[in-house]
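> Predicted model and sequence follow; I will ask about them next.
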Amino acid sequence: MDKISLIGLIVGISAILVGQILEGGHIASLLQPTAFFIVIGGTLGAVMLQSPWATFAAGVKMGKWVFFPPRLDGEALIERIVDWSHIARKEGLLALEAQVELLADPFMKKGLQLLVDGAEPERIREVLEVELSAQEEQMKLAAKIWESAGGYAPTIGILGAVMGLIHVMENLSEPSKLGAGIAVAFVATIYGVGSANLIFLPIAKKLLAHIGRYSRLREMYIDGLIGIANGDNPRIIESRLQGYLG
């Protein structure tokens, strides 16, 4: 679990609640179901309207990466590639065919199969880079639904505020009803701005960071296969791949 994400979320929300208390307010005054429904429901509807279903579903599913990021072990991948390099130098590329069936990742399996089949290094790179580019683009589009939500939420919050003020204006002759309308007006703005800057936009940035790391390891894998195809020394391959890990 990514503990810093959980800590960051708790710290951000706690700062607002503690600030409310220090100002002499009550936490209960920030709990407005009507405002929550307007902001979250309106934002959800706007994001769904702009996105194809597959992209929206992928983005929602990807949201768990914030707390449970994909396991990407660069050191283990380098070790595996170097082992393949040793096998290829001693027994030839065909000896790696047994390794293909041990791979669960379709991308890695395709790359190694191309290598075993004797494809030219540049052809291997071309095929895998096209697939990687398509995967990366799809993941970025999915992650950006959170960024879009961060853009819509403040505006929907303002819409909720205006609706609350309209309710207030309609009941000026009944002072007992003014409080609820004013509360919805201001709390809707808080929900819109708060959810955008504490939840939606940070989630989008973290997902894009994970996607960047995912793509970097894919590029490292491609580079490793090209090194094996070119017959590079395993030590040289390992040294070059270590550069991807920084």
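Arrived safely.

> ok now do Q99, which residues does it touch?
Contact analysis of Q99 by C-beta atoms under 8 Å, 6 or more residues apart in numbering lists 84, 87, 112. From N, CA and C alone the C-beta is placed, and that goes for glycine too.

> 6 Å instead, please
If you count contacts by C-beta atoms under 6 Å, 6 or more residues apart in numbering, Q99 has none.

> what's the one helix or strand in the chain whose mean pLDDT sits lowest packed up against?
Every helix and strand of the chain was ranked by mean pLDDT, DSSP states H and E. The lowest is helix 178-195, at a mean of 81. Counting contacts by 3 or more C-beta pairs under 6 Å, 6 or more residues apart in numbering; DSSP states H and E, helix 178-195 is packed against helix 33-50, helix 121-170.

> ok, now with 10 Å
helix 3-22, helix 33-50, helix 121-170 (3 or more C-beta pairs under 10 Å, 6 or more residues apart in numbering; DSSP states H and E).

> Go through the second one and flag the buried ones.
Spelled out, it's helix 33-50. Using 16 or more other C-beta atoms under 10 Å as the test for burial, helix 33-50 gives 34-36, 38-40, 42-43, 46-47.

> Mean pLDDT and distance to K206 added to the helices and strands packed on helix 178-195, as CSV?
Output for the helices and strands packed on helix 178-195, formatted as CSV (pLDDT from 0 to 100; distance: least, C-beta to C-beta, whole Å):
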stretch, mean pLDDT, distance to K206
helix 3-22, 89, 7
helix 33-50, 93, 18
helix 121-170, 92, 9
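
> right, and the ones you listed - which one's nearest F67?
helix 3-22 (5.5 Å; C-beta to C-beta).

> Same question for the closest one: list its buried residues.
Neighbour-count burial for helix 3-22 [16+ other C-beta under 10 Å]: 5, 9, 20.

> Can you tell me which of those is nearest A57?
Distances from A57 to the buried residues of helix 3-22, taken by C-beta to C-beta, are shortest for S5, at 21.7 Å.

> Make JSON lines out of the helices and strands packed on helix 178-195 and add distance to L207.
Shown next, in JSON lines, are the helices and strands packed on helix 178-195 (distance: least, C-beta to C-beta, whole Å):
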{"stretch": "helix 3-22", "distance to L207": "11"}
{"stretch": "helix 33-50", "distance to L207": "14"}
{"stretch": "helix 121-170", "distance to L207": "4"}
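
> closest to L245 out of the ones you listed?
helix 121-170 (17.8 Å).

> Can you tell me the element the residue of the chain positioned farthest from its centre falls in?
Within the chain, the residue lying farthest from the chain centre (C-alpha atoms, centre = their mean) is S173, at 49.8 Å. Using DSSP states H and E, S173 falls within no helix or strand.

> Provide the secondary structure category for the residue sitting nearest the centre point of the chain.
Taking C-alpha atoms, centre = their mean, the centroid of the chain lies closest to L207, which sits 2.0 Å from it. Assigned by DSSP: H, G, I helix; E, B strand; the rest coil, the conformation of L207 is helix.

> any idea how far it lies from D73?
Note on L207: its distance to D73, by C-beta to C-beta, to the nearest Å, is 20 Å.

> Walk me through the domains of the chain.
1-31, 33-245 (automatic domain parsing).

> contacting residues for G12?
G12 makes contact with 194, 197-199, 202, according to C-beta atoms under 10 Å, 6 or more residues apart in numbering.

> tell me the contacts of F200?
Contacts of F200 by C-beta under 10 Å, 6+ apart are 43, 47, 145-154, 194.

> redo that, cut-off 7 Å
146, 149-150, 153 (C-beta atoms under 7 Å, 6 or more residues apart in numbering).
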